[in-house]
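> below is the structure, and that's it, no one-letter string:
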Ligand SMILES: Cc1cc2nc3c(=O)[nH]c(=O)nc-3n(C[C@H](O)[C@H](O)[C@H](O)COP(=O)(O)OP(=O)(O)OC[C@H]3O[C@@H](n4cnc5c(N)ncnc54)[C@H](O)[C@@H]3O)c2cc1C
C-alpha cells in the first residue's frame, strides 16, 4: 500500500495522554486563573504535575530531559496542547522559548548548553529572541544593530529591537547583530546570548497591541517589547554558532516556530468548532434549533473542511520531517493556510455565539485578536506566497509541470 495513514501506537498513546492532560488539568486551570487565582501558583502546580507524569519538553531529546518525540508524535502532541492557553506552557514547550531552545541545542557549545540551555529546559528560566527592528522585519537582512569586537574578550552591541516577545519575562535574550557589513547580505549577522536584566539591553516598553491583555499575557509572550541596545557588552564566549551564521540559524529557528503555530491553530480551531457545535445544538431561534438551519450547517461544514485540510498538511509535513525530506515549500504553504484557517473558524464560532462570542466569557474573543498576528509573524503571508509562487514557476520551467511544488509527491 502506497499511503499509510495509520499512526504508530506510541504516538497514539502519547497523544491520548496529552489530550487527557489538557482536558483534565489545563482547561480547569484556565478557570482558576479567570477566577483570579495567582497564575504563578496555578502554573507552578501544573508544571510540577506535568513533569511528574513525564509530560515535559516534548521535542527535546531524552538525554536533555525531554520526551524525545519525533516530528510526527510532537505534531500530534502540539495539536492537543494548543486547545488551552496554558497547554504548551504547562509542558515547557511554549513559544518563543521552544524554537530558541532548539537553536541553542543545535548550535550551542557544551559550555553554552550547560549554562544557558539547562535552566531553560528545567523551566527555571525563559528566553526571548530579538531579531526584528523598526528598520527591518520581513526582510531581516536590513537589520542595523551593530556588534563590534572589543579586544578578544567582548563584543559591544549598539542599536534597537522591537517586538521581542516575552522579553519582559525573559532571563536570556538571543540578539542578532551585524558583525561584518562587508560580507554577503546573509552572512553579515551573528547571534549573541545576552543575560538579562542587563543595563545595555533596556526594555523601553511592552508595545500595546490589538491582542486582549490577560493575566498570562506577559509570561506567555503576549508582551512584545521595544528595546534600546546601548553599549551592550557581550562576552565572546556568548557568540552562538560562529560569526556570520546568525541569519541562517534564525531561518532554521523560524521554521519550527511556524509549524508550532500551525499545530496550535489546529487545536484552537477544533475547540472553537466544538464550541460552535455546542452552541447551535443548544439554542433555538424563530422556533427552530439553530443546528437544523442549512446556512448554519454550511458554516460548520466549511470549518470542518478547512480543519481537515490543515491536519493533512501538518501530517504530511511531519512525514517529510521524519524522512528528512525537504519540506520548505509545504511549510510555507501550511504556515499561511493555517493562519487563515484558524481565523476563519474562530470568526465563525464567534458569529454563531452571537453577542456571547463577542464577550470575554468565552476564549473566542481573545483568540480572535491574538491570531491576527499570525499572518505577520515568522514571515508575512506575502513573503511566503512570493517564495511559493517562485517555486511553482521554477518547477514548471524545469519539469513542464508544477506538481512537485503543489503536493504532487503525495500521490
Ligand atoms: C505578535 C508579534 C510577535 C512577534 N515576535 C517577535 C519576536 O519574538 N522576535 C522578533 O525578532 N520579531 C518578532 N515579531 C516581528 C515579526 O517577525 C515581524 O513583524 C515580521 O517579520 C514582519 O516585519 P515588519 O513588521 O517589519 O513588516 P514589514 O517588513 O514592514 O512588512 C510590512 C508588510 O509588507 C508586505 N511585504 C513585505 N515584504 C513583501 C514582499 N516581498 N512582497 C509583498 N509584500 C511584502 C507584507 O504585507 C508585510 O506584512 C513579532 C511580531 C508580532 C506582530
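Done, it's in. Note that the structure is predicted; figures quoted are calculated from it, not measured.

> need the phi and psi values for residue 162.
Note on residue 162: backbone dihedrals following degrees, to the nearest 10 are phi -150, psi 160.

> name the nearest residue to the residue of the chain found nearest the ligand, ignoring sequence neighbours.
Distance from the ligand to each residue of the chain (Cβ to the nearest ligand atom) is smallest for residue 137, at 2.0 Å. Where you see a C-beta, it was placed from the backbone N, CA and C, and this is true even at glycine. Closest residue to residue 137 apart from its sequence neighbours, by Cβ to Cβ, 6 or more residues apart in numbering: residue 163 at 7.7 Å.

> spell out the secondary structure type for residue 202.
strand (DSSP: H, G, I helix; E, B strand; the rest coil).

> test my guess that it contacts residue 228.
Yes. If you go by Cβ atoms under 8 Å, residue 202 and residue 228 touch, sitting 4.5 Å apart.

> dump the residue contacts of residue 244.
179-180, 183, 187-190 (Cβ atoms under 8 Å, 6 or more residues apart in numbering).

> tell me the SS of it?
Residue 244 - assigned by three-state DSSP - is coil.

> and it, its phi and psi?
Here is the backbone geometry of residue 244 (degrees, to the nearest 10): phi 90, psi 0.

> mean confidence score for stretch 180-197?
For stretch 180-197, mean pLDDT is 96.

> now the residue of the chain positioned farthest from its centre: phi and psi?
The centre of the chain is farthest from one residue, residue 287, which by Cα atoms, centre = their mean lies 43.9 Å away. For residue 287, the backbone dihedrals are phi 80, psi 10 (criterion: degrees, to the nearest 10).

> look up the pLDDT of it for me, please.
Residue 287 is assigned 97 on the pLDDT scale.

> ditto for residue 218
Note on residue 218: pLDDT of 61.

> please spell out the PyMOL selection for the buried subset of the contacts of residue 244.
This is how PyMOL selects the buried members of the contacts of residue 244, with burial counted by 16 or more other Cβ atoms under 10 Å:
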select buried, resi 179+187+188+189+190
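
> so which elements touch the strand or helix carrying the residue nearest to residue 137?
Using DSSP states H and E, residue 163 sits in strand 154-165. Using 3 or more Cβ pairs under 8 Å, 6 or more residues apart in numbering; DSSP states H and E as the contact test, the elements touching strand 154-165 are strand 127-130, strand 146-150, strand 172-178, strand 224-235.

> the ligand contacts on the stretch 151-300 of the chain?
163-165, 224 (Cβ under 6 Å from any ligand atom).

> in these, which residue is surrounded by the most others?
residue 164 (27 neighbours; other Cβ atoms under 10 Å).

> okay, helices next: where are they in the stretch 51-200 of the chain?
71-81, 87-90, 97-107, 110-112, 118-121 (DSSP state H, counting those that start in this stretch).

> what's the closest of the ones you listed to residue 314?
Among those, helix 71-81 comes nearest to residue 314, with 5.5 Å by Cβ to Cβ.

> from the chain's centroid, how far away is that closest one?
Centroid displacement of helix 71-81 relative to its chain, using Cα atoms, centre = their mean, to the nearest Å, is 13 Å.

> what pLDDT, on average, does that helix get?
For helix 71-81, the per-residue pLDDT values average out at 93.

> kindly report the same for stretch 141-153.
On average, stretch 141-153 scores 95.

> contacts made by it with the rest, please.
Identification of contacts with stretch 141-153 by Cβ under 8 Å, 6+ apart yields 131, 133, 135-136, 155-161, 175-179, 181, 185-186, 188-190, 192, 229, 233-236, 247.
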